[in-house]
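Colleague: Quick one, what's the 3D model for this:
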Amino acid sequence: MSQGTQLEVEVQHVDVGANRLLGLDGVAVAHVALEEDRARVVHLATAQEAAAACPKCGVLSTSVKGHAVTRPRDLPYGEDPVHLLWRKRRWRCREAACPRGSFTESLPSIPARSRLTTRLRAACGAGVAEDFKDVQAAARYHGVSWPVAHAAFIDHVSPALAAPLPPVCVLGIDETRRGKIKWAQDVNTGRWQVVADRWLTGIVDAAGTGGLLGHVNGRASAEVIAWLEAQPAPWREGISHVTIDLSASYLTAVTEALPDAVVVADRYHLVQLANQTLTEVRQRATRDVRGRRGRKKDPEWAKRRRLLTGFENLSEESFMKMWNKLVDAGDPGQEILYAYTVKERLRELLALSGTNPDRSVISHRLWLFYDQAAHSRSPEIHRLAATIESWWPAVEAAIITGYSNARSEGYNRLAKHQGRNAFGFRNTANQQRRIRCSCTRQHRRATAKKTELPG
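Modeller: Presented below is the predicted three-dimensional model:
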């Protein structure tokens, strides 16, 4: 019997309607049975002549050796599961030069040695990337194991993550801690010491939809330089600005790898530094005057939250109450209020960001900040002023351009969410892949819209 005649015999009792509902290329539905648990048992036969081609040499076989029944898993039908029973042929390879003696039929929709259909594997991988919060949830929903779901996720996201990076004008660099700090107690001294403090450096598109462009182990300048120099020269030349926090290692990396880019200091970290300086002044002033830490009865401790609140966010009554309480506190209160005024002068300077300010306005507010800091007797304030002076080109760039590292901070939040969902990562490659996938959704959706054909 010829190969064509055999195929006709196999599919002569095809259920056309069920075949259309199943929609699985290369196989035909012979009949469907309903089990007691409402599962559909779908009996399949091969309906594609190319399935008789030897996977080694590609020659079509005409000699049937036997039959085999496989049970590949597929997507459910509504709320009920679907069990596939594929009765396929085992062929002999008659090509003399081919080392393959025999083979069973396989299709693109049901690959050889695969327990899943291609569409179930694709749905599982897409579910991990888009719908489910972790791999285990997708594996449980689709009825597969964790390794199978994770492998499907890797196949789903690898092409997108390996694609060339989109053009970037403003680059953002920031670090995020990978897991918790590990401590150990020294057996000799009894003191606790940090034995592991792991970090990841995220490199993001700070002004576009590119998302998280790359993840680097550690936060040293050498690793960031290596990543930047590994990118194509035209891509690096397109970067005009780089936003960073006040990190000397990142500044070194940008200066060496992107010498033509303008470094921009992130305003959030500048305000955070000012608030930290104010807190240090408050703590030291309390210790100097009272000889102890702050307590609830101390005005400076009771008003510590309001001291960190911006002036414009305080009501007049709340501000005056804080001011009068600290003035009445004597020496510690007056020194703290002076530090509060310096902090607000810096915030007024940074508030010019994004307003296209004139150079004279910037110079005037900078002078007000330096003048206020110079008249302070707090060493912490002098240190803050020295920091602003050393970073002034980057601070001025932040005021003039309005760029910030806000996207990097947002992606750090997503990275921490992924860590919580996975209950921690032991494999760095898996962690980087999951985080990059989570932080590039906007870019993938924007790319998909651009590539759609017009209707």
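Colleague: Please tell me the pLDDT value assigned to residue 10.
Modeller: Reported pLDDT at residue 10 in the predicted model: 49.
Colleague: do the same with residue 299
Modeller: pLDDT, read off for residue 299, is 88.
Colleague: Next up, the contacts around residue 434.
Modeller: 418, 422, 425 (C-beta atoms under 8 Å, 6 or more residues apart in numbering). For the C-beta atoms, the positions are set from N, CA and C on the backbone; glycine is no exception.
Colleague: Can you list the neighbours in contact with the helix or strand hosting the first one?
Modeller: Just to be clear, that refers to residue 418. Assigning secondary structure by DSSP states H and E places residue 418 in helix 406-421. With contact meaning C-beta under 8 Å, 6+ apart, helix 406-421 is reached by 133-134, 172-174, 176, 179, 200, 202, 204-207, 211-212, 243, 268, 425, 431, 434-435, 438-439.
Colleague: Could you list the buried residues of it?
Modeller: 407-409, 411-412, 414-415, 418-419, 421 (16 or more other C-beta atoms under 10 Å).
Colleague: what's the spacing between it and its chain's center?
Modeller: Here the centre of helix 406-421 is set off from its chain's centre by 6 Å, with C-alpha atoms, centre = their mean, to the nearest Å.
Colleague: Equivalent analysis for stretch 235-253, please.
Modeller: Centroid displacement of stretch 235-253 relative to its chain, using C-alpha atoms, centre = their mean, is 20 Å.
Colleague: buried residues in that stretch?
Modeller: Buried-residue list, stretch 235-253, by 16+ other C-beta under 10 Å: 236, 239-247, 249-251, 253.
Colleague: Could you report the distance from residue 150 to residue 200?
Modeller: 20 Å (C-beta to C-beta, to the nearest Å).
Colleague: State the distance from the nearest residue to residue 301 once chain neighbours are set aside to residue 287.
Modeller: Closest residue to residue 301 apart from its sequence neighbours, by C-beta to C-beta, 6 or more residues apart in numbering: residue 294 at 3.3 Å. Using C-beta to C-beta, we find residue 294 at a distance of 9 Å from residue 287.
Colleague: So those two - more neighbours on which side?
Modeller: residue 294 (18 against 13; other C-beta atoms under 10 Å).
Colleague: Report whether the more buried one is found in a helix, as I expect.
Modeller: No - checked against DSSP: H, G, I helix; E, B strand; the rest coil, residue 294 lies outside a helix; its state is coil.
Colleague: Select, from the buried residues of stretch 235-253, the two members most distant in space.
Modeller: Maximum pairwise distance in the buried residues of stretch 235-253, criterion C-beta to C-beta, is 23.4 Å, between 236 and 246.
Colleague: nearest to residue 377, of the buried residues of helix 406-421?
Modeller: residue 409 (34.4 Å).
Colleague: count of neighbours near residue 426?
Modeller: 8.
Colleague: what kind of secondary structure is it in?
Modeller: coil.
Colleague: After the helix or strand encompassing residue 321, which helix or strand is next?
Modeller: Residue 321 is part of helix 316-328, with elements assigned from DSSP H and E. Moving toward the C-terminus from helix 316-328, the next helix or strand (DSSP H and E) is helix 331-350.
Colleague: then that next one to PDB, C-alphas only?
Modeller: What follows is helix 331-350, C-alpha atoms only, in PDB (Å, rounded to 0.1, in the frame of the first residue of the first chain):
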ATOM      1  CA  ASP A 331      20.500  75.700  71.500                       C
ATOM      2  CA  PRO A 332      19.600  72.400  69.900                       C
ATOM      3  CA  GLY A 333      16.300  73.700  68.500                       C
ATOM      4  CA  GLN A 334      17.900  76.800  66.900                       C
ATOM      5  CA  GLU A 335      20.700  74.800  65.300                       C
ATOM      6  CA  ILE A 336      18.200  72.400  63.900                       C
ATOM      7  CA  LEU A 337      16.000  75.100  62.500                       C
ATOM      8  CA  TYR A 338      19.100  76.600  60.800                       C
ATOM      9  CA  ALA A 339      19.800  73.300  59.200                       C
ATOM     10  CA  TYR A 340      16.100  73.100  58.200                       C
ATOM     11  CA  THR A 341      16.500  76.400  56.400                       C
ATOM     12  CA  VAL A 342      19.600  75.200  54.500                       C
ATOM     13  CA  LYS A 343      17.700  72.100  53.400                       C
ATOM     14  CA  GLU A 344      14.800  74.200  52.200                       C
ATOM     15  CA  ARG A 345      17.300  76.500  50.300                       C
ATOM     16  CA  LEU A 346      18.600  73.500  48.400                       C
ATOM     17  CA  ARG A 347      15.000  72.300  47.700                       C
ATOM     18  CA  GLU A 348      14.200  75.800  46.300                       C
ATOM     19  CA  LEU A 349      17.200  75.500  44.000                       C
ATOM     20  CA  LEU A 350      16.200  72.000  42.800                       C
END
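Colleague: What's the first helix or strand after it?
Modeller: Next along from helix 331-350, by DSSP H and E: helix 359-374.
Colleague: Off-centre distance for the helix or strand just after that next one?
Modeller: Per DSSP H and E, the first helix or strand lying C-terminal to helix 359-374 is helix 379-390. Mean-position distance between helix 379-390 and its chain equals 34 Å (C-alpha atoms, centre = their mean).
Colleague: Kindly report the same for stretch 433-444.
Modeller: 5 Å.
Colleague: Redo the contacts of residue 434 as TSV? Include pLDDT and distance to residue 363.
Modeller: Putting these into TSV (pLDDT from 0 to 100; distance: C-beta to C-beta, whole Å) gives the following:
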residue	pLDDT	distance to residue 363
418	89	45
422	86	50
425	86	48
